[in-house]
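*Asks:* Quick one: sequence and predicted model below, then my questions.
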Amino acid sequence: MRIGMLTSGGDAPGLNAVIRGAVLTGETVHGHEFLGFKDGWRGLVENDTMPLGRHEVKGVSKQGGTILGTSRTNPFEGRGGVDRINEVMTENGLDAIIAIGGEGTLAAAKRLTDEGVRIVGVPKTVDNDLDATDYTFGFDTAVGIATEAMDRLRTTGDAHNRCMVAEVMGRHVGWIALHSGMAAGAHAILIPEQRTSLDQLVEWVTSAYDRGRAPLVVVAEGFTLDSMDDPHSERGLDAFGRPRLGGIGEQIAPLIEHRTGIETRATTLGHIQRGGTPSAFDRVLATRLGMAAVRSVNDGHWGQMVALKGTEIVHVPFENALGKLKTVPQDRYDEAALLFG
Ligand SMILES: Nc1ncnc2c1ncn2[C@@H]1O[C@H](COP(=O)(O)OP(=O)(O)OP(=O)(O)O)[C@@H](O)[C@H]1O
Ligand SMILES: O=P(O)(O)OC[C@H]1O[C@](O)(CO)[C@@H](O)[C@@H]1O
Ligand SMILES: [Mg+2]
């Protein structure tokens, strides 16, 4: 078979390991050929391709980013649409597409498979917010980077007796904040799922400070104080028309300082969390998902994505994966909150 492959949406450490896992298994075990589409759906719509074989995937598992490039292009906009995509697939002699992306990419893939395009999906997002898989690759790496950054913030915070606010990614969910905050021993963790009040935050910060600690506050970019209507956004809209988040840490730092009198500094980790070398966990998960995606193609599991359930790789129909986001459950937050303050 000839299989096209693309990566779409925000990058996540491990994308290259998926690509390598699929290409090596596909070529050596099943005799398939691969073709890369550049920059997500854009490459498929514009027929912008690159060779994708053993040579191209040599040693890429440890590389961040994606050798195929990525974008937030909508495959139905401009000259896109199902007829155009079928035309490009026929021109390239392709039997199927492996699309690697988050909930947006998979929603687009579902629309296309509903119209007969043969696509299998591989879930990806540092946010870990896809419901039908236990973990997405990229999350473990992002948590590791954020934790290391917080360890560093704590030593400088301790030296100056300051409150340090660390802002991490998490558009709709607080998984990165929860895990990195717990790992770093944060005195408060603020996540989109919990509309915390400033009074509560001030209580946690003051209590830690009064015990002689330099308070560490971890906040997810999508968090809203109970007095705010929407998540903080000051950077315009993304290519799909959604507000670009980021900057809530800088907003709450002066509020903390004003209310407590404790000198407070904010750091936004931003895209550092998505860059660089994937962790070993993410490389293994991504490689297994890439290999499983090829098995999905062999078995004709169109309209399904591969997913992690416990330690097993399973197949999940797109509609089951897209229904709702995997948010931080109340009991996981309450458990972490026992150690706040
Ligand atoms: N419901 C949808 N139907 C069709 N296309 C969509 C839909 N949602 C998103 N898309 C398209 O898919 C692209 C990728 O989605 P998105 O930007 O949300 O990234 P993602 O794959 O969800 O990854 P990330 O984790 O970075 O959000 C979008 O930019 C948009 O063009
Ligand atoms: O890379 P961009 O387009 O700035 O997108 C940032 C968004 O992507 C994510 O990293 C993954 O969805 C979010 O946490 C963040 O809000
Ligand atoms: Mg998305």
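*Replies:* Good, I have the coordinates. What you see is a predicted model; the values in this text were computed from it and never measured. Ligands and ions are numbered 1, 2, ... in the order given.

*Asks:* Which of the helices and strands in this protein ranks last by mean pLDDT?
*Replies:* One helix or strand of the chain scores below all others by mean pLDDT, DSSP states H and E: helix 318-322, with a mean of 92.

*Asks:* quick one: the strands in the stretch 101-250 of the chain?
*Replies:* Under the criterion DSSP state E, counting those that start in this stretch, the stretch 101-250 of the chain contains strands at 119-123, 163-168, 188-190, 216-220.

*Asks:* For the shortest one, which outside residues touch it?
*Replies:* When contacts are taken as Cβ atoms under 8 Å, 6 or more residues apart in numbering, the neighbours of strand 188-190 outside the stretch itself are 174, 177-178, 181-182, 196, 201, 204-205, 215-220, 223, 252, 333, 336-337, 340-341. All C-beta spots, glycine's among them, are computed from the backbone N, C-alpha and C.

*Asks:* If we use 7 Å, what do you get?
*Replies:* Defining contact as Cβ atoms under 7 Å, 6 or more residues apart in numbering, one finds that strand 188-190 is touched by 177-178, 181, 196, 201, 204-205, 217-220, 223, 336, 340.

*Asks:* mind giving me the domain split of this structure?
*Replies:* Under automatic domain parsing, the residue ranges defining each domain of the chain are 2-137+278-323, 140-275.

*Asks:* farthest residue from the center of the protein?
*Replies:* Computed with Cα atoms, centre = their mean, the residue of the chain farthest from its C-alpha average is D210, at 36.6 Å.

*Asks:* Ligand 1 versus that residue, what's the distance?
*Replies:* Distance of D210 to ligand 1, given as Cβ to the nearest ligand atom, to the nearest Å: 40 Å.

*Asks:* go on, R295?
*Replies:* Distance from R295 to ligand 1, by Cβ to the nearest ligand atom: 22 Å.

*Asks:* now E234
*Replies:* E234 is 19 Å from ligand 1, by Cβ to the nearest ligand atom.

*Asks:* And D238, by the same measure?
*Replies:* Taken as Cβ to the nearest ligand atom, the span from D238 to ligand 1 is 7 Å.

*Asks:* That residue: how many residues sit nearby?
*Replies:* 12 (other Cβ atoms under 10 Å).

*Asks:* Please apply the same query to T28.
*Replies:* Residues lying near T28 (other Cβ under 10 Å) number 10.

*Asks:* Need the phi and psi values for it.
*Replies:* phi -80, psi -30 (degrees, to the nearest 10).

*Asks:* For the residue nearest to it when sequence neighbours are not counted, give me its contacts.
*Replies:* The shortest distance from T28 to any non-neighbouring residue, by Cβ to Cβ, 6 or more residues apart in numbering, is to R54 (7.8 Å). Shown in contact with R54 (Cβ under 7 Å, 6+ apart): V23, L24, E27.

*Asks:* do the strand or helix carrying the second one and ligand 2 meet?
*Replies:* Element membership for L24 (DSSP states H and E) is helix 15-24. No: when contact is scored as Cβ under 6 Å from any ligand atom, no part of helix 15-24 falls within range of ligand 2; the minimum is 12.5 Å.

*Asks:* could you dump that helix to PDB, C-alpha only?
*Replies:* Only the C-alpha atoms of helix 15-24 are listed here, as PDB (Å, rounded to 0.1, in the frame of the first residue of the first chain):
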ATOM      1  CA  LEU A  15       5.700  13.500  16.700                       C
ATOM      2  CA  ASN A  16       8.900  12.300  14.900                       C
ATOM      3  CA  ALA A  17       8.900   9.100  16.900                       C
ATOM      4  CA  VAL A  18       5.300   8.300  15.600                       C
ATOM      5  CA  ILE A  19       6.400   9.000  12.100                       C
ATOM      6  CA  ARG A  20       9.500   6.800  12.500                       C
ATOM      7  CA  GLY A  21       7.500   4.000  14.200                       C
ATOM      8  CA  ALA A  22       5.000   3.900  11.300                       C
ATOM      9  CA  VAL A  23       7.500   4.200   8.500                       C
ATOM     10  CA  LEU A  24       9.900   1.500   9.800                       C
END
